[in-house]
Every structure is written in C-alpha cells, then in structure tokens.
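Enquirer: Structure, please.
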Amino acid sequence: MNDSTDSLSNFDFNKVSKQGKFLKFVAGQPVTVRVLTKDPVVQEREFEGDGEVNISTKFCFIVWNFTDERAQILSVSGKMAQTFQRIAKDEDFGSNLQKCDIKISPEGEKLKRTYDINVLRHSGNEKPLTKTMVDEAAAINLDI
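Expert: Coordinates of the predicted model:
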C-alpha cells in the first residue's frame, strides 16, 4: 500500500484527540500548571525487570492546566515531586505551591524524556483561579 494515499497513516490525531483526566506530555509542547494538591496520593506498582522485582512510585496531584484550561491529574516521578516540594518550601516563591504557576517543558520520548521545570514570576499579575476552576478541580477524587 502506498503511504501517500493512505489517509490513516498520515492523519494527525493530536488535532482531534481530547486530553483526558490525566495530563499527558508531548515532547516540545510546554504546559503551564498550578499544583492544587498539598497532599499527593502516592501510588506504588511492582513490576519485574532483569529478573528482579522493582517498585515504581508515582505521586498524583490535582492541577489546573492553564494550557488546556481544565483541571487534571498530574502523575509524576519522585524527582518531579521533590522539585514541587522545594518550590513549596522556598520563601522566594511565598512558601506556597498553590500560588505558583509552573511551566513544565518535556523533551525527548519515552525513557529518554526529560522535563525542564520553571516557576513563572508574574510581577503581581498572578493568574487568578476562578470559582469554576476551583469547582472543576474539587470534583476530581484522587482516591479512586
């Protein structure tokens, strides 16, 4: 079959796919979020690799995704969760993670993916969360 006449192989699903409940990163497409959860849900999963049982730990936060204008769940590694912890404790950022907008820029694919994480300074023009935004985020239950 010739790929130039095969519309399925050339179709860009990113144009029609809708983000789900979980925030998914795409290399080269930064996302700006506000972390709303102070107590993340910790998920541990066992898997076998190289003949050993390994444990994968993920931390789940509710975030407001300013890029897609919706509340979502952000599931991250311990390393990114530690970055959020440092921001939350840093007096330069007001010692309040819930008042900081964070830009996460993913690069690379799969196991080679890296994330550049930056706190955005707003010089007093902080993006306010509306009641609608807060209500949408409150409707997400991390314990399910």
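
Enquirer: quick check: mean pLDDT across stretch 93-113?
Expert: Averaged across stretch 93-113, pLDDT comes to 90.

Enquirer: Just the CA atoms of that stretch, as CSV, please.
Expert: In CSV, the C-alpha atoms belonging to stretch 93-113 read as follows (Å, rounded to 0.1, in the frame of the first residue of the first chain):
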residue,chain,number,x,y,z
PHE,A,93,8.1,31.7,46.0
GLY,A,94,6.0,32.5,49.1
SER,A,95,6.3,29.1,50.6
ASN,A,96,3.0,28.1,48.9
LEU,A,97,3.0,25.8,45.9
GLN,A,98,-0.7,26.7,45.3
LYS,A,99,0.2,30.2,44.4
CYS,A,100,2.9,29.4,41.8
ASP,A,101,2.4,28.8,38.2
ILE,A,102,4.8,26.2,36.9
LYS,A,103,5.9,25.7,33.3
ILE,A,104,6.9,22.1,32.5
SER,A,105,8.7,21.6,29.2
PRO,A,106,9.1,18.0,28.1
GLU,A,107,11.8,17.0,25.7
GLY,A,108,12.6,13.5,24.3
GLU,A,109,10.5,10.4,24.1
LYS,A,110,9.7,7.5,26.5
LEU,A,111,12.8,6.6,28.6
LYS,A,112,14.8,9.5,27.2
ARG,A,113,12.2,12.1,28.2
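
Enquirer: what about that stretch, distance to the chain center?
Expert: Its chain's average C-alpha position is 7 Å from that of stretch 93-113, according to C-alpha atoms, centre = their mean, to the nearest Å.

Enquirer: which of the residues in it are buried?
Expert: For stretch 93-113, burial by neighbour count (16 or more other C-beta atoms under 10 Å) applies to 93, 97, 100-102, 104-106. For the C-beta atoms, the positions are set from N, CA and C on the backbone; glycine is no exception.

Enquirer: same question, stretch 57-71
Expert: Residues of stretch 57-71 classed as buried: 58-66, 70-71 (neighbour count, 16+ other C-beta under 10 Å).

Enquirer: How about stretch 76-89?
Expert: By neighbour count on 16+ other C-beta under 10 Å, the buried set for stretch 76-89 is 76, 80-81, 83-84, 87-88.

Enquirer: now swap in stretch 25-45 and tell me
Expert: In stretch 25-45, the ones that count as buried by 16+ other C-beta under 10 Å are 31-37, 40-41.
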